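In: here you go, sequence then predicted model.
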Amino acid sequence: MKKLILLLFCGLSLQLFAQNKENLINNGQFRNSLEGWEILLSNGSPGIKAQILSNEADYKKFGLADNFVGTSFVEIDENSTIRQDVELKSIEPHSLVFAFAPRPNAGDKQLIVKVDGRAVWTTTLRNQDAVGRFQYKAIKLMPEEKSAQISFYVVSLSGAKDQGVFIADVFLNEEPLVDLYMINKY
């Protein structure tokens, strides 16, 4: 009975802990344009801007489904990269979560996510005519230091180089951990 109560208490504590985690990424939802993000541009390309979908014309302009009301996002292409230096609270495991969507009819694109200059995740997004929809990706990170540089960039495999991938809802949180040995001990 003690084990069951302790297990329930730990489960509830873990859930509350996870819900109250602060996002270590500054302006990860792009509500304040690109404040907090470093923008790297190549070849003198025009600057990128955060977008907020607010009406039907916005959805059509970017080829996104109309169920993303109020979504703030940034489009990165082959000529632009966004990155942010983040202070971590510990060197415990962290979760990086973000949403991405390909721009319809923009060609094949490769989205690459780097942490401290090392690729931690990549995917190839094939050209599609369909309306764009955001998908979420979670990546577990094992930091070696109490800081990290998170970067997003795109490689254009085909199609227009100035059209790329939409990024939204970037979150970085320390993962809650439970020592199962300690639970079994009681």
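Out: Sure thing, it's come through. Residues are numbered from 1 along each chain as shown.
In: now do the same contact list for residue 112.
Out: By CB atoms under 8 Å, 6 or more residues apart in numbering, the contact set of residue 112 is 119, 121, 122, 152, 153, 154, 155. Using the backbone N, CA and C atoms, a C-beta is placed for each residue, glycine as well.
In: so which helix or strand takes in the residue nearest to it when sequence neighbours are not counted?
Out: By the measure of CB to CB, 6 or more residues apart in numbering, the closest residue to residue 112 outside its immediate chain neighbours is residue 122, 4.7 Å from it. If you go by DSSP states H and E, residue 122 is part of strand 118-125.
In: count the residues that sit near the spatially closest residue to residue 175 that is not a sequence neighbour.
Out: The shortest distance from residue 175 to any non-neighbouring residue, by CB to CB, 6+ apart, is to residue 93 (4.4 Å). Residues lying near residue 93 (other CB atoms under 10 Å) number 13.
In: so residue 93 versus residue 83, what's the distance?
Out: Separation of residue 93 from residue 83 (CB to CB, to the nearest Å): 21 Å.
In: likewise for residue 21?
Out: As judged by CB to CB, residue 21 and residue 83 stand 22 Å apart.
In: check residue 171 too.
Out: Counting by CB to CB, the gap from residue 171 to residue 83 is 16 Å.
In: more neighbours, residue 21 and residue 83?
Out: Neighbour tally, residue 21 and residue 83, criterion other CB under 10 Å: the higher count belongs to residue 83, 17 against 14.
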